[in-house]
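[1] any chance you can model this:
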Amino acid sequence: MSDDVRAQARDHLWLHFTNHAGIAAGAELPVITRAEGAYLWDDKGRRFLDGLSGLFTANVGHGRPELADAAAKQIRELDFVPIWGRVHPRAAELAEALAARAPGDLNRVFFTNSGSESVESAWKIAKQYFKAIGQPGRYKVVSRNLAYHGTTHGALAITSLPPVRAQFEPLVPGAVKVPHTDLYRAPEHLGDEEAYGRWAADRIAEAIELEGPESVAAIFLEPVQNSGGVLPPPRGYLERVREIADRYGVLLVADEVTAGFGRVGDFFSINRYGVVPDIITAAKGITSGYIPIGATIVSDRVFEPFKKKENTFAHGHTFAGHPVAAAVALENLAIFEREKLNERVRDNEGAFRATLEKLHDLPIVGDVRGLGYFWGIALVKDKETKEAFGARERRGLIDQVLAPALLDEGLHARIDERGDVVVLLAPPTIIGQEEFDFIEQAVRAALTEVSGQGYGRD
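    Here you go, the predicted structure:
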């Protein structure tokens, strides 16, 4: 059967973010056949710890019968109806549940099907909001270097990864880029963590001034940036960005697609920093990936103009707020509450950190950073000088040694190379010390093999 699956995929399936040259030439395509708890199995019977929760998504773990039952029950009751000028109970209940967990007065939920759609919707909301309040010139957005915010044309413009953007240019105009925050790479002359954070935030103010405040609608950022290898904000950074947004009358959008719903021990990562944005974008962990749904959550202030007859938001998606997806999301939230998974993540954060920090004894490990169940292990060629691996070295290091070695050790992880080469870890919230130890040992073995192949310096 597996050979049939591979043939079907080779001949008919267009895989996402995948170069098909090797597959077309006969390279064996991995086939994952089942999942349970924190583990995946392939067609050869090999078991892998899912150290990435699928793709930052399966936050309550795989194979939950409660979520399957919620979907089946909803299908029998009401399989589908759109939320265009009408409502069904699950969409209303989920909107209330998300609003209750969002910070401040973010009480209005616009449903989507994905993170990209959530970001796209947020930009469109921001544009129309300013038109509605008499500031039609505001359409530009500020986002950070290396940041990933999705692949639809608007979201891709906000994304700051040239290799992902280049094939589809020209993109939607108006996206302005500013520095991201990488404490490991912070220039020493900028001072301590707080001074570095202030410097980085002030680049946002500088960009708004250069563009003209009357033209800027929103600042988009992930409170904990994924792309670049898990970059938590410096102390005071988010607070300073909030001040800048208020000073210039710009909306602050927190992209929580990756870091939300338990990833850092709260339903929204920005809650860890006590900052209230104007808009939140979310997806992935809302249902723990069991079925697609996304959400754009806005403040009462932002929604207020849309109550007027002349301001219909002419935007939507057939399947957004789908009854089955909403039912699964509600049960997913119930699991978080029943099992106190956010509390579990916060309680275990120190132990996970301490376990991963053992890897500092390896000469190839430059930095271990993150929080909750969201970690990055940054690799360097020279620990003393922080010399990074060059572009040519990276292909051999990642493709020929590190990626296969992690799989051989039974760990599904991700290798990010959009800054330093970083091993990304975002396991399900249900794991504990036994799995922390396994992850550390698997990464250690893989990195020892990398060093043995001549990458890095003792």
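
[2] which pLDDT value goes with residue 1?
    Looking at residue 1, its pLDDT stands at 58.

[3] number the chain from 54, please
    With the count now opening at 54, the last piece we talked about shows up as residue 54.

[4] any idea which helix or strand carries the residue nearest the centre of the chain?
    Closest residue to the average C-alpha location of the chain: residue 311 at 2.1 Å, with Cα atoms, centre = their mean. Remark: residue 311 resides in no helix or strand, with elements defined by DSSP states H and E.

[5] give me every residue that touches it.
    Contacts for residue 311 (Cβ atoms under 8 Å, 6 or more residues apart in numbering) come out as 109, 168, 275, 277, 279, 337, 479. C-beta here means a position set from N, CA and C on the backbone, and glycine is covered the same way.

[6] by neighbours, which of those residues wins?
    The most neighbours of any of the contacts of residue 311, using other Cβ atoms under 10 Å, belong to residue 479, which has 30 neighbours.

[7] next, give phi and psi for it.
    The phi and psi values for residue 479, taken as degrees, to the nearest 10, are phi -150, psi 70.

[8] could you measure from it over to residue 234?
    Note on residue 479: its distance to residue 234, by Cβ to Cβ, to the nearest Å, is 19 Å.

[9] how about residue 403?
    23 Å.

[10] for these two, indicate the residue with more neighbours.
    Each of residue 403 and residue 234 has its neighbours counted (other Cβ under 10 Å); residue 234 has more, 23 against 9.

[11] touching, the more buried one and residue 253? I think so.
    Yes. Applying Cβ atoms under 8 Å, one finds residue 234 in contact with residue 253, separated by 4.9 Å.

[12] quick one: common contacting residues for these two?
    Common neighbours of residue 234 and residue 253 (Cβ under 8 Å, 6+ apart) are 287, 290.

[13] what kind of secondary structure is residue 276 in?
    Following DSSP: H, G, I helix; E, B strand; the rest coil, we place residue 276 in the coil state.

[14] which residues touch it?
    Counting by Cβ under 8 Å, 6+ apart, residue 276 has contacts 286, 291, 307, 309, 312, 322-323, 325-326, 328.

[15] in helices, which of the residues you listed appear?
    residue 291 (DSSP state H).

[16] where along the stretch 304-453 of the chain do the helices fall?
    All helices of the stretch 304-453 of the chain, identified by DSSP state H, counting those that start in this stretch, fall at 353-356, 376-392, 394-410, 444-448.

[17] deepest of these, which one?
    Greatest average neighbour count among the helices of the stretch 304-453 of the chain goes to helix 376-392 (a mean of 22), per mean count of other Cβ atoms under 10 Å.

[18] output the contacting helices and strands for it.
    helix 118-130, helix 142-154 (3 or more Cβ pairs under 8 Å, 6 or more residues apart in numbering; DSSP states H and E).

[19] please save the CA atoms from the last one in PDB.
    By that I understand helix 142-154. C-alpha atoms of helix 142-154 as PDB (Å, rounded to 0.1, in the frame of the first residue of the first chain):
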ATOM      1  CA  PRO A 142     -24.900  28.000  17.600                       C
ATOM      2  CA  ARG A 143     -21.300  26.800  17.500                       C
ATOM      3  CA  ALA A 144     -19.900  29.900  15.800                       C
ATOM      4  CA  ALA A 145     -21.600  32.200  18.300                       C
ATOM      5  CA  GLU A 146     -20.300  30.100  21.200                       C
ATOM      6  CA  LEU A 147     -16.800  29.900  19.900                       C
ATOM      7  CA  ALA A 148     -16.700  33.700  19.300                       C
ATOM      8  CA  GLU A 149     -17.700  34.300  22.900                       C
ATOM      9  CA  ALA A 150     -15.100  31.700  24.100                       C
ATOM     10  CA  LEU A 151     -12.300  33.400  22.200                       C
ATOM     11  CA  ALA A 152     -13.300  36.900  23.300                       C
ATOM     12  CA  ALA A 153     -13.300  35.700  26.900                       C
ATOM     13  CA  ARG A 154      -9.700  34.500  26.500                       C
END
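
[20] for it, packing partners?
    Using 3+ Cβ pairs under 8 Å, 6+ apart as the contact test, the elements touching helix 142-154 are strand 159-165, strand 347-352, helix 376-392.

[21] mind putting the ones you listed into TSV with distance to residue 438 and mean pLDDT?
    As requested, these are exported to TSV (distance: least, Cβ to Cβ, whole Å; pLDDT from 0 to 100):
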stretch	distance to residue 438	mean pLDDT
strand 159-165	44	98
strand 347-352	42	98
helix 376-392	44	98
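
[22] circling back to that earlier point, a markdown table please, covering the helices of the stretch 304-453 of the chain and showing distance to residue 295.
    Shown next, in a markdown table, are the helices of the stretch 304-453 of the chain (distance: least, Cβ to Cβ, whole Å):
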| stretch | distance to residue 295 |
| --- | --- |
| helix 353-356 | 14 |
| helix 376-392 | 27 |
| helix 394-410 | 23 |
| helix 444-448 | 36 |
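
[23] residue 98: which of the ones you listed is closest?
    Residue 98 lies closest to helix 394-410 among these, at 27.9 Å (Cβ to Cβ).

[24] just to revisit the earlier point, rebuild the helices and strands packed on helix 142-154 as TSV, extending it with distance to residue 216.
    Below are the helices and strands packed on helix 142-154 laid out as TSV (distance: least, Cβ to Cβ, whole Å):
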stretch	distance to residue 216
strand 159-165	25
strand 347-352	24
helix 376-392	32
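
[25] among these, which is nearest residue 187?
    Across these, closest to residue 187 is strand 347-352 (Cβ to Cβ), at 18.5 Å.
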